[in-house]
Each structure stands twice: as structure tokens, then as C-alpha cells.
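Trainee: Just need the structure, nothing else, for what follows:
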Amino acid sequence: MKKRIQIVPAILTKTKEDLVDTLKMLEPYVERAQIDIIDGLFANNRTNDDLSRIKTKLKLEVHLMVVDPLRYIEKYKNVAWMITLHYESFEEEEDLLKAISLVKKYKMKVGLAVGPLTSIYRIQDFVKKVDQILIMSVRPGFGGQNFIDTTFGRVSTIRALNPNIDVEVDGGVRLSLVKDIIASGANIIVAGKAITHHYDVELAINNFKSEVKKALVEL
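Mentor: The predicted model follows:
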């Protein structure tokens with residue numbers, strides 16, 4: 001099944017005010033955005049986690065990089081369109097299954113993220129239980145890192161396990177990587193600072209969309 005390629009901005013902010021400003025800045029140009037929630041324990045960084053009374057036209061994918069995901073699922077059940085859980089947040093796979101069920105109970109889509117140091121085969125039993133697999137192409141926690149090249153093979157493995165699932169790549173993405181990311185089997189490309197810190201956000205997003213169009217012609 002041919003899936004539409006999407007460019008999704010990632011938002012990593014320290015304050016709610018910055019989050020609101022960034023959402024407003026992005027609204028005219030994209031359908032959805034990913035908000036990174038980092039608790040300072042899962043990764044050595046901490047972001048704003050207050051999404052209360054957020055008003056936006058965008059579909060919000062809330063990417064949880066936290067050690068207590070169940071609490072955050074409850075917290076965001078009325079604001080998130082999708083909750084993305086990290087495989088590494090759970091000591092037992094049974095607990096991950098419970099979290100997936102809880103997200104579905106609240107009628108949100110559910111994603112599963114896997115860090116670059118975790119074997120991709122650890123999540124193979126989950127690829128038909130979630131709506132999306134997020135392949136981290138950097139170590140979780142900070143923006144601006146370099147893309148890890150082994151990501152391409154990891155994406156291809158997931159795509160082979162489930163041809164119909166959404167596969168998202170997140171971390172260190174730049175324009176020159178778009179074609180190879182699509183060729184590996186991903187259909188959702190997340191870009192953080194390359195979009196949100198660009199001097200012209202509309203131009204940055206259009207540049208990514210142009211690379212997607214060019215890649216689809218060439219592939």
C-alpha cells in the first residue's frame with residue numbers, strides 16, 4: 001500500500017509560551033506537529049510538559065520520553081491526537097501492552113518509538129498493535145544531533161514486518177537525507193530545528209516538500 005509522505009515539525013520547548021508561539025507559527029503550513037515531552041529522567045533534558053488549554057488546528061502527536069508514561073497518557077488524553085510511547089520506558093512488555101490499551105481506550109492513535117541502541121527486533125511483536133512506529137535516528141533528548149546511518153536498515157526491517165503501518169523517522173533529518181529516508185520505507189519525516197529554527201519557516205517546510213516530490217519522481 002502506497003502511503004502519503006508527510007513532513008512533521010518537531011517541537012521541543014522549555015516554556016509553554018514558546019510552545020504556543022511555535023504552534024501558531026506552524027499552523028498555516030502543516031497538518032500536524034510532534035511535541036516532545038522529556039521528563040529529565042528518561043533523557044538528560046527537560047521540556048515543558050504543560051499542554052493544558054492549548055488551542056491549535058494542528059493534530060498533535062505527543063512523543064513521550066518519560067519514565068512514567070501512564071501518568072502522561074492520562075494528562076494528555078484531551079489534547080493529543082496521537083500518543084507515542086517509547087519501548088525503553090517499560091521494564092516489562094506487559095506494561096507496554098497496558099499503556100497501548102489505555103491510549104486506545106481514550107480514542108487516541110498510538111505510536112511506538114524505539115531508540116537507536118535498542119534492537120529493532122525487540123519491537124517486532126508490536127508492529128501490528130500500534131498505528132505508527134517511530135524510528136529514532138539520534139539518541140533521545142536533544143535536537144541538533146547528527147543522523148545515525150543505520151536508521152535506514154531499521155526502517156526497512158519495520159516496513160517488511162508491516163507494509164501498511166506508518167513509519168516515522170525522527171532526529172537529525174536534513175534535506176539531503178529525504179530521498180534515502182523515503183527509499184528505506186518511511187512515510188513520515190520529522191524535522192525539528194531544521195524547520196522551527198529556520199529564519200523562514202514556510203520556506204523550510206516548502207524545501208522539505210520539494211525534496212519529497214523530487215524523491216518520489218526519482219525512486
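Trainee: all helices in the chain, in order from the N-terminus.
Mentor: 16-26, 69-76, 93-105, 151-161, 178-184, 193-196, 201-218 (DSSP state H).
Trainee: by contact count, what packs against the third one?
Mentor: Helix 93-105 sits against helix 69-76, strand 82-86, strand 109-114, with contacts defined as 3 or more Cβ pairs under 8 Å, 6 or more residues apart in numbering; DSSP states H and E. Bear in mind the C-beta positions are built from the backbone N, C-alpha and C, glycine included.
Trainee: Ok, the shortest one next?
Mentor: If you count contacts as 3+ Cβ pairs under 8 Å, 6+ apart, helix 193-196 packs onto strand 6-11, helix 16-26, helix 201-218.
Trainee: ok, now the longest one?
Mentor: Helix 201-218 sits against strand 6-11, helix 178-184, strand 188-191, helix 193-196, with contacts defined as 3+ Cβ pairs under 8 Å, 6+ apart.
Trainee: Need the CA coordinates for the longest one. CSV is fine.
Mentor: Output of helix 178-184 as CSV, limited to C-alpha atoms (Å, rounded to 0.1, in the frame of the first residue of the first chain):
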residue,chain,number,x,y,z
VAL,A,178,15.0,12.9,2.4
LYS,A,179,15.3,10.6,-0.6
ASP,A,180,17.2,7.9,1.3
ILE,A,181,14.6,8.0,4.2
ILE,A,182,11.8,7.5,1.7
ALA,A,183,13.6,4.8,-0.2
SER,A,184,14.1,2.9,3.1
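Trainee: mind showing which ranges of the chain have poor pLDDT?
Mentor: Per-residue confidence of the chain (counting by pLDDT under 70) places the weak regions at 1, 143.
Trainee: circling back to that earlier point, out of the helices and strands packed on helix 93-105, deepest packed?
Mentor: strand 82-86 (a mean of 25; mean count of other Cβ atoms under 10 Å).
Trainee: which residues sit against it?
Mentor: Strand 82-86 has contacts (Cβ atoms under 8 Å, 6 or more residues apart in numbering) with 34, 42, 59-66, 69, 72-73, 76, 96, 99-100, 103, 108-115, 131-132, 134, 140.
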